[in-house]
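S.K.: I would like the atomic coordinates for the input below:
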Amino acid sequence: MSHSHSHSHLHAHDLNGRNLLISIFFNIAITVAQVIGGLLSSSLALLSDALHNFSDVVSLIISYIAHKLVKRKASLKRTFGYKRAEILAAFINASTLIIVAVLLIIEAVKRFQNPQQIESNLVIWLSVMAIIGNGFSVLLLKNNAKSNMNMKSAYLHLLTDMMASVAVLVGGLLMKFYQIWWIDSVLTFLIALYLIWMGFALLKASTKVLMLFTPDSIPVDEIVTKLNSFETISNVHHVHVWQLNEEEIHFEAHVDFEKDISLTEFDVIRSKIEDFIYNKYDINHVNIQPEFGKSDTKDIIVQD
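M.R.: Here you go, the predicted structure:
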């Protein structure tokens with residue numbers, strides 16, 4: 001059973017692309033300003049924020065490309081089209097979050113051992129600019145991040161960078177008024193830990209989809225038990241459940257019937273199965289292989 005996408009969904013898809021483009025240009029400007037400012041002020045926190053902003057630019061570009069690829073039609077060579085492009089983008093972006101965080105921790109430890117005096121005024125003004133720019137980008141992507149893993153990966157990059165800029169601002173104020181130079185390294189270290197925490201959750205979620213794991217919300221045992229209670233169905237086995245992308249969950253199974261039914265009878269039962277699975281579990285693609293008197297393995301899960 002498949003379900004067509006509405007016009008409003010297509011409009012939202014175009015809006016996502018526009019918002020990603022706007023965010024890309026904002027973050028390019030912020031990154032350039034922070035690199036220059038970080039070098040002039042000798043602020044590691046500002047340079048680390050610039051590095052994170054650069055990873056934002058890369059992640060946003062990846063998200064935008066994936067966003068465009070998804071709209072390409074399927075073909076004989078690509079029967080699913082590019083429906084998993086956004087999941088792959090989410091995986092890549094989550095990985096870069098963690099890699100950037102590890103690099104920041106290494107630099108923070110080095111700088112903590114050898115703290116340097118920093119031009120705090122420049123740090124303060126540039127961090128304020130980054131907060132405003134990233135804050136606007138976060139608002140652009142916030143709504144769509146709830147339902148799309150690709151948009152969520154871009155949103156998390158921007159959100160964590162906005163929070164990092166807030167930390168840099170606090171550090172700049174402490175350095176300006178209290179000359180606490182080591183705070184620059186400590187804040188960098190804390191920013192990196194937060195990036196690892198946020199990135200790992202998204203990396204785990206996207207990996208589950210890429211590995212064809214059963215979605216956490218789908219109780220396979222319960223579905224099989226319910227289907228086994230259907231009239232004329234003897235046994236449901238050899239079950240596979242996987243998530244193709246944000247909008248499609250697939251279910252396939254072998255269904256053993258109590259008697260040798262006709263194709264017309266099977267179509268009626270198949271339709272009932274599809275409606276039940278869709279309405280109860282929101283699984284929108286169902287593939288049933290009918291069987292009668294076949295001596296195959298009747299286990300729910302069979303290793304192919």
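
S.K.: what's the local residue count around Phe177?
M.R.: Using other C-beta atoms under 10 Å, Phe177 has 9 other residues around it. All C-beta atoms are positioned from the backbone trio N, CA, C, and that covers glycine.

S.K.: which SS class is it?
M.R.: At Phe177 the chain is in helix, as set by DSSP: H, G, I helix; E, B strand; the rest coil.

S.K.: got any ranges where this protein has weak pLDDT?
M.R.: Applying pLDDT under 70 to the chain flags the ranges 1-15, 45, 116-118, 304.

S.K.: can you map out the helices along it?
M.R.: Taking DSSP state H to define them, one finds helices in the chain at 7-41, 44-69, 85-113, 120-145, 149-178, 183-210, 220-228, 263-281.

S.K.: go ahead and confirm Tyr155 touches Leu141.
M.R.: Yes. Counting by C-beta atoms under 8 Å, Leu141 is a contact partner of Tyr155 at 4.4 Å.

S.K.: compare the helices of the chain and report which one is nearest to Ile301.
M.R.: Smallest distance to Ile301 across the helices of the chain (C-beta to C-beta): 7.9 Å, for helix 220-228.

S.K.: mind listing what's buried along that closest one?
M.R.: Within helix 220-228, the residues that count as buried by 16 or more other C-beta atoms under 10 Å are 220, 223-224, 226-227.

S.K.: what of stretch 181-196?
M.R.: In stretch 181-196, counting by 16+ other C-beta under 10 Å, buried: 181, 183-192, 194-196.

S.K.: contacts for the lengthiest strand in the chain next, please.
M.R.: Taking DSSP state E as the criterion, the chain has its longest strand at strand 233-243. Residues outside strand 233-243 that contact it (C-beta atoms under 8 Å, 6 or more residues apart in numbering) are 208-209, 212-215, 218, 220, 223-224, 227-228, 249-258, 269, 283, 289, 296-302.

S.K.: hmm, 6 Å instead?
M.R.: With contact meaning C-beta atoms under 6 Å, 6 or more residues apart in numbering, strand 233-243 is reached by 209, 212, 214-215, 218, 220, 224, 227-228, 249-256, 258, 298-300, 302.

S.K.: can you pull the contacts of the closest residue to His285 other than its chain neighbours?
M.R.: Distances taken as C-beta to C-beta, 6 or more residues apart in numbering place His250 nearest to His285, at 4.4 Å, with adjacent residues excluded. By C-beta under 6 Å, 6+ apart, the contact list for His250 reads 242, 244, 285.

S.K.: again, only using 10 Å
M.R.: 212, 240-244, 283-287 (C-beta atoms under 10 Å, 6 or more residues apart in numbering).

S.K.: same check, this time on Phe251
M.R.: 1, 214, 218, 220, 223, 239-242, 273-274, 277-278, 281, 283-288.

S.K.: show me the beta-bridge partners of it.
M.R.: Val241, Val286 (DSSP bridges).

S.K.: I'd like the distance between it and Ser229.
M.R.: Plainly put, Phe251 is 17 Å away from Ser229 if you go by C-beta to C-beta, to the nearest Å.

S.K.: now do Asn16
M.R.: Distance of Asn16 to Ser229, given as C-beta to C-beta: 42 Å.

S.K.: likewise Ile218?
M.R.: 18 Å.

S.K.: between these two, which one's more packed in?
M.R.: Ile218 (17 against 7).

S.K.: how about the spatially most central residue of the chain: what's its closest non-neighbour residue?
M.R.: Computing the C-alpha centroid of the chain and ranking residues by C-alpha atoms, centre = their mean puts Met149 first, at 3.1 Å. Sequence neighbours aside, Ala90 is the residue nearest to Met149 in space, at 4.3 Å (criterion: C-beta to C-beta, 6+ apart).
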